[in-house]
Each structure stands twice: as structure tokens, then as C-alpha cells.
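Asks: What follows is a predicted protein model with its sequence.
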Amino acid sequence: MYIVHIASECAPVIKAGGLGDVVYGLAREIEIRGHCVEIILPMYDCMRYDHIWGLHEAYRDLWVPWYGGAIHTSVFCGWVHGQLCFFIQPHSGDNFFNRGCYYGCNDDYMRFAFFSKAAMEFLHRSNKRPDIIHCHDWQTGLVPVMLFEMYKWHGMWNQRVCYTIHNFKHQGVAGADALWGTGLNNDAYYYNYDRLLDNFNPTAINFMKGGIVYANYINTVSPHHAWEARYENEGYGLGHTLNLHHYKFGGILNGIDYNTWNPEVDRYIPFHYGMENFEDKILNKKALRERLLLRDSDKPLIAYIGRLDQQKGVHLVHHGIYYALNRGAQFVMLGSATEPAINNWFWHEKNFLNNNPDVHLEIGFNEELAHLIYAGADMIIVPSNYEPCGLTQMIGLKYGTVPIVRGVGGLVNTVFDRDYDNYHTPEERNGYVFFQTDYKALESAIDRAIGLWEQYPDEFRQLALQGMKYDYSWNNPGETYLQVYETIRHK
Ligand SMILES: Nc1ncnc2c1ncn2[C@@H]1O[C@H](COP(=O)(O)OP(=O)(O)O[C@H]2O[C@H](CO)[C@@H](O)[C@H](O)[C@H]2O)[C@@H](O)[C@H]1O
């Protein structure tokens, strides 16, 4: 099969969060299984060019129709750790992708409407006819709309779309200018409840809704979150649309790329270890302490890695830092915030705690440091308000770093409480789970973890080893996605 991903991220060249990991990891898995996979991405000025091999111009004069005119665009091509990627570079005064950031501009919806249009135009003009177009999140929600309303009539009859939703909160709610820009025009037709009209704002269209309505298959990234999106409020207003399209909606648990995230081969950690030499993990803990100037001691080390955002339960991350310190543990946080209020808050805490030898708050994005933290920490907290899948707990498990998570979304599908899980035998349990969003809930889970670490170190070690046994690689999800591709391809 021939599969083309159209996405706004691909790790490690463009990574703001988990979307990048998934696009790269899934593409790689499907290619290993003998299929042809290509990835189309925006050519951001701030991406990690050092991760691209052989970058060259592949298509020089692509004229992308835009607002009745056309934007002169170049398409570059190169290999990102073995995966063939195409990068879209428009030459226009809008400077869509030369902003020094991936997201966070006022005209994001126009930037990604253009990207989606350019990706489709590139496929069309270069005569690429993939069996499957796999697109992701709101940024590419217009891809299936354009395919089935426009490009189908230009020779793209046989293409089918798989649309994966990694985060329902961001939906691409836009005005009619997105329709005019892309040439979909015809406002009256798209401003319709059955098509792109936002479910709550009668003056707006919704890219993600477009993706849901038009794609041949839609999924979110864990079975439990698929359920939450339909039956609880986790679909952020798209629950009814999902119910209408339930026959083509599912939840497929993400994997993680064990070539990148594996303490036996990780090139960013100083000491490799696995289940056989688990005791070497402590050498990484020492290295982490040295790197962050933390006091060497016999305390447990708790970590948080992730975006600092309401989704991630920042109030609990914040509380967790102080609770861990009071409870005699060390804490390391690595995170970045796009919201100024949250950013300021954590900078304030960082300055306040600056001289404390048991805590380090690193504010920013640092892929290399993340690896060392996963390897060096004893526990990792994921206190999310909602979590479609969550990769950090799965990475933690692989590194023998015991996850302490809130029981929502994909966290429910991957972490099983050592003391209270009803569905897994004691040998299958791998972490700690709490359910409420108040401080007490988090505290009791941290207490149980630290208690075991301090008083029953052998049992704690056993729990970590049980987590390492789990296979959360792309092996199983890769198989499932292939089945999806096969099914929609023949429809
Ligand atoms: N400051 C920082 N420095 C270095 N690395 C950092 C970092 N902050 C985060 N990371 C890394 O980014 C990834 C984040 O994974 P998450 O599952 O938290 O994804 P996120 O919420 O962004 O994405 C959404 O998409 C993913 C993928 O589908 C879902 O798992 C998730 O639930 C959903 O919210 C991990 O690889 C983590 O190590």
C-alpha cells in the first residue's frame, strides 16, 4: 500500500508534543511492514534542520490556488531518520511558516488551511496517488473536505482518508475566509450542521468537524478516550457529531518508538540498562543529579515531563512539586507553557525554588534532557485533566520509572494500580492511579509510591520491572492501523 501522512509535526524534526512522536513512529512501523510511506509537513523556519538528511528542492514551481490567485510554493524533500518527508515552503508575504514557532499565531487557522491546500495541490500536480491519506488533528481537517469536494473531480477518485484526532480541545474554529482562501467557497453549502458548521457557533466553521464528517475512518488515540469523547464531555462539543458518525469512529492506542525510547539503546543517556541490569538505572539517576546540580542523597526522585497546560493538570503538577519535597523526595520538572499566565507562574516558582538542592524546574523544550530524566527518575507523575492517550507514562514504563497517573483517557488503558486494580493480577500491575482532581487524591497516590520505595524497595523494584515488561511499541497499533487502511481502501 502507498500511504501519505499530512501533518503539522513529525519527531524529531518538528515536535511540539506527542503528535510528532506518533506521526514518525507510525510511519516507520508501517514502512517496516513493507509499505511505502511519505510524510508532508510545513517547512517551518524553526524546525530541527540537523535531523534532516539530504534536504533538496523536489518540486520547484508549485502554484497553490489561494483566494482566486495563487501562491508560488517550493516543495523540499529529505529523510528524517530514514523516513521520506516533503516540506511545503510558500513564498508569500504572509510568511506562514517563518514565525519562529509552530503554533500560537492569530492566523493559525489560515496557516494550516493553506498547508492543507498546498499538500493536496502537491499530490495532485506531482501525480502522487496514495491509497491512503492519513491526516491528523484540526490542522489538516480540511484535507478530506477538499479531497471529496474538489480533488476527486481532478483525478483523485480512489484516495481514502484516515483522520486521527490527538486532541479534541483544539478544533480549528474559523471564519468563511478559510473557505474563500482554499477555494471551497460556497459558504451556504458548508455552513450547514451536517457539514462544517460549528456545533455551537453559528457564525463559524470547524475544521475538525469537517475531518470527522468527510473522512472514511476517524479515530482518537485510545479506546477509553474514544468512549469519553462520545459519552462524556471530552469531545469538546463534537460528541454529537461523533455519535452521528459512530460507524466509522474508533479508538486505537498509540505506541512508542522503541528505537528512540529504549534504555538499552538510548543514545542520550550515559548508562544503558534493561531488565537484566536494572540496578544500572541508578547510575543515570546520579548523572541526572549531577547535570541539574541536585544534591546526591538516598531520596526518591519524582519527575514531570510535558506541556504546561490546563490539559495536563498544572495545578496538580505544582502541588506535586511541594508535596514531594515535604514528603522527603526530590523533584524534576521539564515543561513549557504557551499561555503567558502559566509560564509566569512556573518561572516564579523556579526562581523561588532556585536554591533548593532537591528540586529543579526546567522551563523550555529539551528533547535530550527528557531522555535523561526518564532514565534517572524513580517515578513520573501524569495528573492530567484529560489525556487522549499520553506517551509519557508509556515511556516511563519502558524506562522502569513508575507512573503515578490520573485515571482518564489512555492512562486508564495503560497504567494499572498496584493496590486497587480489579482487572489485573498483582503481577500485571505497573503503577499508581488516582481519580479525583483535588490535592488529596494526588497526595495519597504519591504517598503510596514513596511509601513502597522507602519501606519495601524490593517490591518497588518488582513493580518497575513489571512495567518494563509491557509491550507498548508500535507493533500492535501498527497492525490495527493496517487493518483500518485495508478496510477503507476497498470502500
Ligand atoms: N518540555 C519538553 N521537553 C522535551 N520533551 C517534551 C517536553 N514536553 C513534552 N515533551 C515530550 O513530548 C511528548 C508528549 O507526549 P504527550 O502524550 O504528553 O503529548 P501531547 O499532550 O503533547 O499530545 C497529544 O497527542 C498525543 C499523541 O497522540 C497523545 O498521547 C496525548 O494524549 C495528546 O494530548 C513526549 O514525548 C514528551 O517526552
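Replies: All right, it came through fine.
Asks: What residues sit buried inside stretch 461-475?
Replies: Buried residues in stretch 461-475, counted by 16 or more other CB atoms under 10 Å: 461, 463-464, 466-468, 472-474. No exception for glycine: its C-beta is placed from N, CA and C like everyone else's.
Asks: what about residue 48, neighbour count?
Replies: Other residues lying near residue 48 total 14 when counted by other CB atoms under 10 Å.
Asks: Regarding residue 335, what is its secondary structure?
Replies: What DSSP: H, G, I helix; E, B strand; the rest coil gives for residue 335 is strand.
Asks: for the closest residue to it other than its chain neighbours, what are its contacts?
Replies: Of all residues not flanking residue 335 in the chain, residue 308 sits nearest, at 4.2 Å (CB to CB, 6 or more residues apart in numbering). Contacts for residue 308 (CB atoms under 8 Å, 6 or more residues apart in numbering) come out as 314, 317, 335-337, 342-343, 346, 363.
Asks: between the buried residues of stretch 461-475, which is nearest residue 419?
Replies: Here the nearest of the buried residues of stretch 461-475 to residue 419, counting by CB to CB, is residue 463; it sits at 10.4 Å.
Asks: can you list the residues of the stretch 101-250 of the chain near the ligand?
Replies: 166-167, 221 (CB under 6 Å from any ligand atom).
Asks: Export stretch 21-34 to CSV, keeping only CA atoms.
Replies: Presented in CSV, the C-alpha positions along stretch 21-34 are these (Å, rounded to 0.1, in the frame of the first residue of the first chain):
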residue,chain,number,x,y,z
ASP,A,21,6.2,11.1,18.1
VAL,A,22,3.1,9.4,16.7
VAL,A,23,3.5,10.6,13.1
TYR,A,24,7.1,9.4,13.0
GLY,A,25,6.6,6.2,14.9
LEU,A,26,3.6,5.0,13.0
ALA,A,27,5.1,5.9,9.6
ARG,A,28,8.2,4.0,10.5
GLU,A,29,6.3,0.9,11.7
ILE,A,30,4.1,0.8,8.5
GLU,A,31,7.2,1.1,6.3
ILE,A,32,9.0,-1.7,8.2
ARG,A,33,6.0,-3.8,7.4
GLY,A,34,6.7,-3.4,3.7
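Asks: How about it and the ligand, touching?
Replies: Yes - contact of stretch 21-34 with the ligand (CB under 6 Å from any ligand atom) involves 21-22.
Asks: buried ones in that stretch?
Replies: For stretch 21-34, a neighbour-count test (16+ other CB under 10 Å) marks 21-31 as buried.
Asks: Same question for stretch 291-302.
Replies: Neighbour-count burial for stretch 291-302 [16+ other CB under 10 Å]: 292, 294, 299-302.
Asks: any weak-confidence spans in the stretch 251-400 of the chain?
Replies: In the predicted model of the stretch 251-400 of the chain, no residue satisfies pLDDT under 70.
Asks: Which positions in it make contact with the ligand?
Replies: Proximity of the stretch 251-400 of the chain to the ligand, by CB under 6 Å from any ligand atom, involves residues 254, 305-307, 334-336, 365-367, 370, 387-392.
Asks: so residue 63 touches residue 74, yeah?
Replies: No - if you go by CB atoms under 8 Å, residue 63 and residue 74 don't touch, sitting 11.0 Å apart.
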